[in-house]
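A.B. asks: this one's structure only:
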């Protein structure tokens with residue numbers, strides 16, 4: 001993506017000078033679906049802005065079990081990479097491209113400079129922290145206070161909102177994100193299908209509930 005008009009639309013309310021520096025010093029990368037963009041234990045030297053596609057953030061334990069945190073989509077930035085960039089710490093999470101993704105990566109030296117040079121960048125960083133924090137709180141709330149069928153409904157609605165009504169996810173992938181078993185997820189999704197909420201296809205589902 002190199003159309004400045006599109007860039008203004010994705011990230012509105014920035015100073016004109018900042019737009020110019022983002023385009024000049026940012027590195028646009030096209031990444032295929034399935035690529036690991038950020039790994040736990042990795043020291044990050046740049047931050048990521050999503051220009052197109054969807055990126056999944058999650059944690060893994062020592063046994064390889066995943067804990068889904070949230071997805072990033074077009075017009076959003078990775079708060080984790082901002083924190084790691086600013087404090088030069090190692091990442092505690094993994095980020096993976098769920099679709100083909102276009103990213104704008106910003107080197108550390110500009111990240112720090114823009115925080116003091118541009119008020120709009122400072123506000124953008126704070127807004128990003130807050131948005132991702134609120135997303136994480138919602139996820140934690142679902143885990144702590146909801147039963148599995150309620151968690152599944154919440155999760156599926158989030159996927160539909162980001163991917164559209166036809167979502168390509170297997171029952172195993174959903175179970176992994178929800179730290180459950182494929183058998184439990186399959187049983188609950190079949191119940192949702194009987195209730196007229198979804199249509200289950202091979203390796204995907206379609207949301208039909210109003």
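C.D. replies: Sure thing, it's come through. Note that this is a predicted model, so its numbers are computed, not measured.

A.B. asks: Over the longest helix that the chain contains, what's the mean pLDDT, rounded is fine.
C.D. replies: Counting by DSSP state H, the longest helix found in the chain is helix 119-145. Across helix 119-145, pLDDT averages out at 88.

A.B. asks: pLDDT of the helix or strand just after it, averaged?
C.D. replies: As assigned by DSSP states H and E, the chain's next helix or strand after helix 119-145 is helix 148-163. Across helix 148-163, pLDDT averages out at 91.

A.B. asks: chain center to helix 148-163, what's the gap?
C.D. replies: Put simply, helix 148-163 sits 14 Å off its chain's centre (C-alpha atoms, centre = their mean, to the nearest Å).

A.B. asks: which parts of that helix are buried?
C.D. replies: Neighbour-count burial for helix 148-163 flags 148, 151, 152, 153, 155, 156, 158, 159, 160, 162, 163 (criterion: 16 or more other C-beta atoms under 10 Å). To be clear about C-beta, it is placed using only N, CA and C from the backbone, and glycine gets the same treatment.

A.B. asks: What of stretch 99-108?
C.D. replies: Buried residues in stretch 99-108, defined by neighbour count with 16+ other C-beta under 10 Å: 99, 101, 102, 103, 104, 105, 106.

A.B. asks: Looking at these, spot the one nearest residue 18.
C.D. replies: residue 106 (10.9 Å; C-beta to C-beta).

A.B. asks: hang on, that closest one in a helix?
C.D. replies: No: going by DSSP: H, G, I helix; E, B strand; the rest coil, the assignment for residue 106 is strand, not a helix.

A.B. asks: Isn't it up against residue 44?
C.D. replies: No: the pair residue 106 / residue 44 is not scored as a contact, 10.9 Å apart, by C-beta atoms under 8 Å.

A.B. asks: Just confirm residue 67 is within a strand.
C.D. replies: Yes: Residue 67 sits within a strand when classified using three-state DSSP.

A.B. asks: tell me, how many neighbours does the closest residue to residue 176 other than its chain neighbours end up with?
C.D. replies: Excluding the flanking residues, the one nearest residue 176 by C-beta to C-beta, 6 or more residues apart in numbering is residue 66, at 5.0 Å. Residue 66 has 17 neighbours, counted by other C-beta atoms under 10 Å.

A.B. asks: any idea how this protein splits into domains?
C.D. replies: For the chain, automatic domain parsing gives the domain ranges 4-143, 147-207.

A.B. asks: quick one: terminal-to-terminal distance for the shortest one?
C.D. replies: So that's domain 147-207. Separation of the first and last residues of domain 147-207 by C-alpha to C-alpha, to the nearest Å is 21 Å.

A.B. asks: Ranking helices and strands of the chain by mean pLDDT, which lands last?
C.D. replies: Considering only helices and strands, the least confidently modelled element of the chain by mean pLDDT, DSSP states H and E is helix 79-87, at a mean of 70.

A.B. asks: Now residue 37: closest residue in space that isn't a chain neighbour?
C.D. replies: Closest to residue 37 by C-beta to C-beta, 6+ apart is residue 95, at 4.4 Å.

A.B. asks: List the beta-bridge partners for the one you found.
C.D. replies: According to DSSP bridges, the partner residues bridging residue 95 are residue 38, residue 57.

A.B. asks: same question, residue 29
C.D. replies: Applying DSSP bridges to residue 29 gives these bridge partners: residue 103.

A.B. asks: Great, nothing more from me.
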